[in-house]
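> The following comprises the amino acid sequence and a computationally predicted model.
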Amino acid sequence: MANFSAAGSQALAWRDSESHSSSYPDFEGYAHSAQLTEKGKFHFLFLGNFPGMLPDNNAEPPSMTPDPVVTIAAMAAKTSHIGFAATIASEWHEPFNVARQFKALDSYTAGRTALNAVTGSNPQAAALG
């Protein structure tokens, strides 16, 4: 499993002057990461979902994540073998719509998509920002 963010997996990478976190979300960066992960023979990529912002982005890495369903669809078009797992917070999404989205992803990716359904408790996410 591989898990990545806009600036990388190291917690303070977003603060490095060489980081491209200011261009977030960067589709080409996500596509390149997916291709490298696939080339490294990983089985799947995990995309978390946090529909909010932490109060102090100067002390914490950027927390807003692009929609994982849309991101997976785009990355799957640039890869051929790696699987993708997307997180969906159950309290913010209607079950019918989640089923519809993942049925489409499953079809478009030839079965390379998994759902990570979670509940949430973060007040910033509850306030949607």
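Looks like it came in fine. A quick note: this is a predicted structure, and the numbers were derived from the prediction, not measured. Residues are numbered from 1 along each chain as shown.
> buried residues in stretch 35-43?
37-38, 42 (16 or more other CB atoms under 10 Å). C-beta here means a position set from N, CA and C on the backbone, and glycine is covered the same way.
> Relative to Ser107, which of the residues you listed is nearest.
Nearest to Ser107 out of these is Glu38 (CB to CB; 19.9 Å).
> so which strand or helix has Tyr84?
Let me fix one detail, which is that residue 84 is Phe and not Tyr. According to DSSP states H and E, Phe84 maps onto strand 83-89.
> ok, residues contacting the next helix or strand after that strand?
Using DSSP H and E, the helix or strand that directly follows strand 83-89 along the chain is helix 95-108. Helix 95-108 is contacted by residues 69, 72-73, 76, 84, 86, 88, 113, 115, 117 when judged by CB atoms under 8 Å, 6 or more residues apart in numbering.
> Give me the subset of these lying in strands.
84, 86, 88, 113, 115, 117 (DSSP state E).
> can you put these in a markdown table and add neighbour count?
Below are those laid out as a markdown table (neighbours: other CB atoms under 10 Å):
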| residue | neighbour count |
| --- | --- |
| Phe84 | 22 |
| Ala86 | 25 |
| Ile88 | 19 |
| Thr113 | 23 |
| Leu115 | 17 |
| Ala117 | 13 |
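> Taking these, tell me the two that lie furthest apart.
Spatially, the most separated pair among the ones in strands among the contacts of helix 95-108 is Phe84 and Ala117, at 14.8 Å (CB to CB).
> Provide a complete list of residue ranges assigned to helices in this structure.
Here the chain has its helices, by DSSP state H, at 27-39, 68-76, 95-108, 123-126.
> Minimum distance to Phe46: which of these has it?
Across those, closest to Phe46 is helix 68-76 (CB to CB), at 9.2 Å.
> and the closest one, what's its mean pLDDT?
Averaging pLDDT along helix 68-76 yields 90.
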